[in-house]
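Colleague: Pasted the sequence and its predicted model underneath.
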Amino acid sequence: DIQMTQSPSVLSASVGDRVTLNCKASQNINKYLNWYQQKLGEAPKLLIYNTNNLQTGIPSRFSGSGSGTDYTLTISSLQPEDVATYFCFQHNSWPDTFGAGTKLELK
Amino acid sequence: QVQLKESGPGLVQPSQTLSLTCTVSGFSLTSYHVSWVRQPPGKGLEWMGVIWTGGSTAYNSLLKSRLSISRDTSKSQVFLKMNSLQTEDTATYYCARTYNSYFDYWGQGVMVTVSS
């Protein structure tokens, strides 16, 4: 199975900061990488699919990039409502697997 | 609008079988796949399996021997059955509409506790 490693596990940042979350796959996943946001007590929400495609309705401050084994989610200007845990997810190889998540907090 | 809602027992005894239902609206099960994802308390997400638009299924290899996903298209319902439950199966179980391998709509989730 492909292992997805997210870093950091916890990130503290201030409102307005540019924030970068990382996700590393144990092998090439050919950009089949999605990002989900989960706020406390809620179901996850799709932010980005296939590395860099913004889901409808998601603010443009969110963006994704990467290739091969290394991927990033960037929030250009952190907002209070962005406090959440962010999960990456690969669907290149069965079984599809999630990363363990990065918890984003306000400093 | 698109909605998914999970239902089922909140408490299951060890070694018993879990049965969950995902009732969908706003889309057809013959047009979109539906996946199940679970999340133990305070932990990460685990993809469990999917039922494709044609009715075939695929499962996480770690769960395959215990898991079954089926559907009733006339009732817009997807079913999950998992046997031989253990305490580590305690989790919130989500169903999610699946399009091109991404989950674009999720249910609210149902918390299942495995305990005697």
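Modeller: Yes, it's here. Numbers count the residues shown, from 1 in each chain, chains lettered A, B, ... in the order given.
Colleague: Let me see the ranges of the strands in the chain.
Modeller: Just so you know, I chose chain A. A:4-7, A:10-13, A:19-25, A:33-38, A:45-49, A:53-54, A:62-67, A:70-75, A:84-90, A:97-98, A:102-106 (DSSP state E).
Colleague: Chain B was what I was after
Modeller: Counting by DSSP E, the strands of chain B are B:3-7, B:11-12, B:18-25, B:33-39, B:46-51, B:57-59, B:67-72, B:77-82, B:91-99, B:102-106, B:110-114.
Colleague: Run a quick neighbour tally on the nearest residue to B:Asp104 once chain neighbours are set aside.
Modeller: Nearest residue to B:Asp104, sequence neighbours excluded (CB to CB, 6 or more residues apart in numbering or on different chains): A:Leu46, at 5.3 Å. Quick note: C-beta positions are derived from backbone N, CA and C, even for glycine. A:Leu46 sits with 22 neighbouring residues when counted by other CB atoms under 10 Å in any protein chain shown.
Colleague: same check, this time on A:Thr97
Modeller: Neighbour count for A:Thr97, taken as other CB under 10 Å: 23.
Colleague: Could you pull up the residues touching the residue nearest to A:Trp94 when sequence neighbours are not counted?
Modeller: Using CB to CB, 6+ apart and skipping the chain neighbours, the partner closest in space to A:Trp94 is B:Ala58 (6.8 Å). Residues near B:Ala58 by CB atoms under 8 Å, 6 or more residues apart in numbering or on different chains: A:94, B:49-50, B:52.
Colleague: Would you reformat those residues as TSV and include neighbour count and distance to B:Gln16?
Modeller: Shown next, in TSV, are those (neighbours: other CB atoms under 10 Å in any protein chain shown; distance: CB to CB, whole Å):
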residue	neighbour count	distance to B:Gln16
A:Trp94	13	28
B:Gly49	21	19
B:Val50	22	24
B:Trp52	17	28
